[in-house]
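J.: Just to be clear, the model below is a prediction. Sequence and coordinates:
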Amino acid sequence: MLQKHVKYWIVLLSSLWLHPALYAQEFKSLEKALEHPSEVIHLDLHREHLSKVPDRIRLFKKLESLDLSHNQIDSIPDFLAELEKLQEIDLSRNKFTSIPRVLTKMGQLTNLKMARNPVKQIPDYIDEFKKLEYLDLWDSELEDISPSIIQLKTLKELDIRATYIKSKDLEWLEKAREDLEVKSTYGCNCD
């Protein structure tokens, strides 16, 4: 009798172990993710030599985080805004020259990483983000920050280290938003 129960538990546990819904739901290839589109929560497509965002990403309705870093992407398609659960997107080391406005339509987006892109400014529409808490523009070509950033009350952290922003260019922001953690590596006050 005991042996029968042990076999039952072994079979049950092994079937649970192999069930994909119990995994971390992180996929590191589009092909594997497409095998289980309803289970994809984290999709890592960094270093995939992509020049555009694959259309099939729209199938991942539960997607919460998307890593498209280290590619050759320079624009974001409108369909990405359809992913209502997307909270984090990493677009670092691509070819973006600006923050894509379509990202403001992503109602749940809290974390935007765009480090090492040739982005020159934080645009006026920055205040259109609804829940953005973290913006990473580290080592970009950032020269200008729109005053609209003051209106983005959800923003808690701004990483602009290794950019062209000088100390005098940040004083207004630090005074207007004392609650905002601005990470910068601006140098001397000799500018």
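T.: Perfect, I can see it now.
J.: from memory residue 154 sits against residue 133, does it?
T.: Yes. Between residue 154 and residue 133 there is a contact at 5.6 Å, judged by CB atoms under 8 Å. From N, CA and C alone the C-beta is placed, and that goes for glycine too.
J.: can you list the weak-confidence ranges in the protein?
T.: 1-24, 186-191 (pLDDT under 70).
J.: And the strands in it?
T.: With DSSP state E, the ranges of strands along the chain come out as 26-27, 42-44, 65-67, 88-90, 111-113, 121-122, 134-136, 144-145, 157-159, 181-183.
J.: could you redo these as CSV and give each row mean neighbour count and distance to residue 55?
T.: Output for the strands of the chain, formatted as CSV (neighbours: other CB atoms under 10 Å; distance: least, CB to CB, whole Å):
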stretch, mean neighbour count, distance to residue 55
strand 26-27, 18, 17
strand 42-44, 19, 14
strand 65-67, 20, 14
strand 88-90, 21, 16
strand 111-113, 20, 21
strand 121-122, 21, 29
strand 134-136, 20, 26
strand 144-145, 16, 33
strand 157-159, 18, 31
strand 181-183, 13, 35
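J.: In JSON lines, list these along with distance to residue 34.
T.: Below are the strands of the chain laid out as JSON lines (distance: least, CB to CB, whole Å):
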{"stretch": "strand 26-27", "distance to residue 34": "9"}
{"stretch": "strand 42-44", "distance to residue 34": "10"}
{"stretch": "strand 65-67", "distance to residue 34": "15"}
{"stretch": "strand 88-90", "distance to residue 34": "19"}
{"stretch": "strand 111-113", "distance to residue 34": "24"}
{"stretch": "strand 121-122", "distance to residue 34": "35"}
{"stretch": "strand 134-136", "distance to residue 34": "29"}
{"stretch": "strand 144-145", "distance to residue 34": "39"}
{"stretch": "strand 157-159", "distance to residue 34": "33"}
{"stretch": "strand 181-183", "distance to residue 34": "37"}
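J.: how about the ones you listed, which one is nearest residue 56?
T.: strand 42-44 (10.5 Å; CB to CB).
J.: Pull the residues that contact the closest one.
T.: 24-28, 30, 33, 57, 60, 63-67 (CB atoms under 8 Å, 6 or more residues apart in numbering).
J.: which residue ends up closest to the midpoint of this protein in space?
T.: residue 89 (1.7 Å; CA atoms, centre = their mean).
J.: partners of that residue in the sheet?
T.: Judged by DSSP bridges, the bridge partners of residue 89 are residue 66, residue 112.
J.: gap between it and residue 185?
T.: Counting by CB to CB, to the nearest Å, the gap from residue 89 to residue 185 is 24 Å.
J.: do the same with residue 129
T.: Separation of residue 129 from residue 185 (CB to CB) stands at 24 Å.
J.: ok, back up a step: tell me, what's touching residue 154 and residue 133 both at once?
T.: With CB under 8 Å, 6+ apart as the test, residue 154 and residue 133 both reach residue 110.
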